[in-house]
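> Quick one: sequence plus predicted model below, questions after.
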Amino acid sequence: MAQPSQPAIVVIGCGAIGLPLAVALASRGASVLGIDADPARVADLTAGRTALGDSGLAEALRTGLEEGGLGFSAVLNTAPDERAYVLAVPTPARADGAFDTGPIEAAMAAVSAAARRDELVCVRSTIPIGATRALAGAYASAGLMFAACPDRSVAGNAYAEQFSLPHVVGGLGDTAGVRAAAIFAHLGTVVRAPDPETAEAIKLFANVQRDVSFALANQFALISEAAGIDLAVVRQVGAAGFPRFSLARPGPVGGPCLTKDIALLLASAGLESVDTRLLSAARSLNESLADRIAAAVETELAERPGQAVAILGLAFKGTPPTGDQRGAFAAALCERLVGRLPKLDLRRWDPVAEPPAGRAAAVRRAGVVVLANDHPGLAIGLDAELSADAVVFDLTGLVGPGAGFASKRFGNGAAPTRS
């Protein structure tokens, strides 16, 4: 049988990273097989169903299935024609902060059993610096080529960003880099890195930089509260008066990436002599917000005995909208509140995962309402549903002038205001 001009592409892991990539590649004419260890997910995807809410993804999934260029399976078998493999499995950190290699090792074991010599493995998952080269060494007997091709898409917009964002490719050798670049060139611009370590570092540095920048904003928010000033005004006036002054918006920091990528970075080989306390301190500060807000809510409830608390916005972010609740601030806050107040009447509502009418039920007769992410739907029309004496903890600056209810905005040192 004649070899195809481009190899079929096998994407292993069809979650938030792998599925948008697989569907995007199929939409550009590639023959794509998605492999996932969850049979229920495979059944849903084969039927054209996905829980991911990325714009355009569900429609493109169904189109790919109908046109025959996209398929899914729970088992990776051998094939007569050339294939390339993309690892897009989760790469979590363990409870002790170490890199959990289990999912990627399982994926590589499946690949090595099915692949032929000289076929390409692209590592799309986020991994420590040096991990691609380590995989190549561990599976040297299989004779595979390797490249690090990290994902940088944003949850909620991941499918569209497969086409709009450049794809970084770092091959372990020039041939691997050329082959990997050809795969991602289906989608758009490819930027070549000189080696896998550089590509791995780019992804980790980008995410850890964001975590640190948010931590700095949150540190300034805490200082502003202690000093009795409003960080929102500092940011506004400071940007006008100091053109080189730029500060991220303070508030909750969560998600499946920022909460663990510092651990993956610190798991990179050769860092034993490097002082990384700045990075660890930033992560600790962002994690501390759940305890700080829980304590503030408890203090507020001391004046409102027996009243309920409503947490609005359960996903780890609200803009762009996503239903992804992995690593979400809301979950951490709920855990802290239940630990402090075991008998608390705690309600939860999310604008993506639940019907709009659920918000009114959640906030009815609640003494404290927490806007836990930046989804604009959390605050719109909220005044009509709140109790007259309720206080809203606005953690991301959603409450504007004239809202008609008392609010505490994170980073504002003034007393609760009735807008």
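That came through fine.
> switch to C-alpha atoms for all contacts and neighbour counts from now on
Will do.
> If we go by neighbour counts, what in the longest helix along the chain is buried?
In the chain, with assignment by DSSP state H, the single longest helix is helix 196-227. Using 16 or more other Cα atoms under 10 Å as the test for burial, helix 196-227 gives 196-204, 207-209, 211-225.
> got the CA positions of the very next helix or strand once past it in PDB?
Remark: after helix 196-227, the chain's next helix or strand is helix 231-241, criterion DSSP states H and E. Coordinates of each C-alpha in helix 231-241 appear next as PDB, following Å, rounded to 0.1, in the frame of the first residue of the first chain:
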ATOM      1  CA  LEU A 231      -6.200  49.400  44.300                       C
ATOM      2  CA  ALA A 232      -8.600  49.900  41.400                       C
ATOM      3  CA  VAL A 233      -7.900  53.600  41.700                       C
ATOM      4  CA  VAL A 234      -4.200  53.000  42.000                       C
ATOM      5  CA  ARG A 235      -4.200  51.000  38.800                       C
ATOM      6  CA  GLN A 236      -6.300  53.600  36.900                       C
ATOM      7  CA  VAL A 237      -4.500  56.800  38.100                       C
ATOM      8  CA  GLY A 238      -1.100  55.000  38.100                       C
ATOM      9  CA  ALA A 239      -1.500  53.900  34.400                       C
ATOM     10  CA  ALA A 240      -2.300  57.500  33.500                       C
ATOM     11  CA  GLY A 241       0.500  59.100  35.500                       C
END
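> List the buried residues in helix 231-241.
By 16+ other Cα under 10 Å, the buried positions in helix 231-241 come out as 231-232, 234-235, 238.
> and for stretch 329-343, what are the contacting residues?
By Cα atoms under 8 Å, 6 or more residues apart in numbering, the surrounding residues in contact with stretch 329-343 are 252-254, 290-291, 293-294, 298, 311, 313-316, 325, 344, 346, 372-373.
> Could you pick out which of the residues you listed are located in strands?
311, 346 (DSSP state E).
> Of the contacts of stretch 329-343, which belong to helices?
290-291, 293-294, 298.
> okay if I get those residues as CSV plus pLDDT?
Formatted as CSV, the ones in helices among the contacts of stretch 329-343 follow (pLDDT from 0 to 100):
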residue, pLDDT
Ala290, 98
Asp291, 98
Ile293, 97
Ala294, 98
Glu298, 96
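> State the distance from the closest residue to Ala136 other than its chain neighbours to Arg83.
Leaving aside its chain neighbours, Ala136 sits nearest to Phe146 (6.5 Å; criterion: Cα to Cα, 6 or more residues apart in numbering). Applying Cα to Cα, to the nearest Å, the value for Phe146 to Arg83 is 13 Å.
> tell me, what's touching those two both at once?
Leu120.
> Comparing these two, which shows the higher neighbour count?
Phe146 (28 against 23; other Cα atoms under 10 Å).
> strand partners of the helix or strand hosting the more buried one, parallel vs antiparallel please.
Assigned by DSSP H and E, Phe146 belongs to strand 145-148. In the sheet, strand 145-148 lines up against strand 120-123 (parallel), strand 167-171 (antiparallel) (DSSP bridges).
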